[in-house]
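J.: quick one: sequence and predicted model below, then my questions.
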Amino acid sequence: MITARGLARRFTARGRTVDAVKGVDIDVAEGELVGFLGPNGAGKTTTLRMLTTLLKPTSGQATVGGCDLLADPLGVRRRIGYVAQAGGTWQDCKVIEEIEIQGRLYGLTKAESLARGAELSEQLDLSGLEQRLTKTLSGGQRRRLDIVLGLIHRPGLVFLDEPTTALDPQSRANLWEHIRSLRTEHGVTVFLTTHYLDEADSLCDRILVIDNGEIAAEGTPDSLKAGVSGDGVTIGVPLASTGAAAEIAGRLTGAHEVSIVEDTVRFRVPRGDVAMPELLRALDAAGIAMESMQVHRPTLDDVFLTLTGRSLRDAEAATPTPEAARVP
Ligand SMILES: Nc1ncnc2c1ncn2[C@@H]1O[C@H](COP(=O)(O)OP(=O)(O)OP(=O)(O)O)[C@@H](O)[C@H]1O
């Protein structure tokens, strides 16, 4: 469904050059639900905009839905649906008007647009809202309407740019179910971007991790996590004892990646539950009182940390808002 090779995009604005995407290779097979995971500014939207013909690559090539991205952009557009991060509805339009306009834009008759809209509205739990102005919909309803609009012409491949950003946890979980059903019940191939670890983990068959415009890793959530060696352990100790506690932790069987962060000592061991009694005894013998303890199985954040040396959450916090660098 998607094959991209060396896809790159450079922006030049006010004398400054940004290599937003640095030559990525992407393969997505028919029927897959693939997530593009990375912090703000990693290059997700830029890649998506290239794959959907909205932005010309600086270099590289791609086939999307069987059509060449550069030679046949119209063919690509006919075969894909695209749901942008900001959505595409006009606030003073009724739901039914949006559906009709979108269908007509794709060459459907009014009757076909409304019939297809009714079918999709039922599948995405929007029935009964046809006469409502879109500005009166909840965030979750509006995102589901965006998806209805993206699917009106029955594309085999749909791109969703951060589909659940700004939704509350319940609406996110609800939308995940709908996204899953696009694939399981309608055979639609889904390529979505996200910076939510839990979303990538629970929703996607396969994940491409992007950082600084480059693919840092790819695989199923489980295979990526299996690449992180061991459980993560964090113990809280008095500030004055962190050095001694880190030394003790480092002597545990198989301990690695030992670090001190404020009054905590963090490290990895093959089995956190097995290491704990030994650690407690050693800390007791050294007269160090452990104040807290956390053991966790590897997460996708650990994957990101192992790959890039940064936690995805920290990377998010440290990234300046992309708008600051955008060309107007
Ligand atoms: N039109 C533009 N002009 C200049 N720089 C741009 C432009 N669009 C994006 N960039 C820069 O390219 C980089 C990648 O941006 P992009 O929007 O693709 O990231 P992202 O991973 O989608 O982030 P987010 O999660 O915030 O949407 C950022 O440094 C951004 O500032």
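T.: Okay, I see it. Numbers count the residues shown, from 1 in each chain.
J.: quick check: phi and psi at Gly309.
T.: phi 80, psi 0 (degrees, to the nearest 10).
J.: residues near it, how many?
T.: Gly309 has 8 neighbours, counted by other CB atoms under 10 Å. Using the backbone N, CA and C atoms, a C-beta is placed for each residue, glycine as well.
J.: same thing with Arg266?
T.: For Arg266, using other CB under 10 Å, the count is 16.
J.: what residue in the stretch 151-300 of the chain comes nearest to the ligand?
T.: For the stretch 151-300 of the chain, the residue closest to the ligand is His195, as judged by CB to the nearest ligand atom, at 5.3 Å.
J.: who in the stretch 101-250 of the chain is up against the ligand?
T.: Taking CB under 6 Å from any ligand atom as the contact definition, the stretch 101-250 of the chain meets the ligand at His195.
J.: so which residues of the stretch 101-250 of the chain form helices?
T.: Secondary structure of the stretch 101-250 of the chain (DSSP state H, counting those that start in this stretch): helices at 110-123, 139-151, 169-186, 197-203, 221-226, 242-250.
J.: need the winner for burial among those helices.
T.: Per-stretch averages of neighbours, counted by mean count of other CB atoms under 10 Å, single out helix 139-151 among the helices of the stretch 101-250 of the chain, with a mean of 23.
J.: and that one, what does it pack against?
T.: strand 80-83, helix 95-105, helix 110-123, strand 157-161, helix 169-186 (3 or more CB pairs under 8 Å, 6 or more residues apart in numbering; DSSP states H and E).
J.: quick one: the second one to helix 139-151, angle?
T.: For helix 95-105 against helix 139-151, the angle by axes from the mean of the first three to the mean of the last three CA atoms, to 10 degrees is 20 degrees.
J.: same question for the last one.
T.: On the basis of the same axes, to 10 degrees, helix 169-186 is oriented at 20 degrees to helix 139-151.
J.: swap in the third one?
T.: An angle of 140 degrees separates the directions of helix 110-123 and helix 139-151 when computed by the same axes, to 10 degrees.
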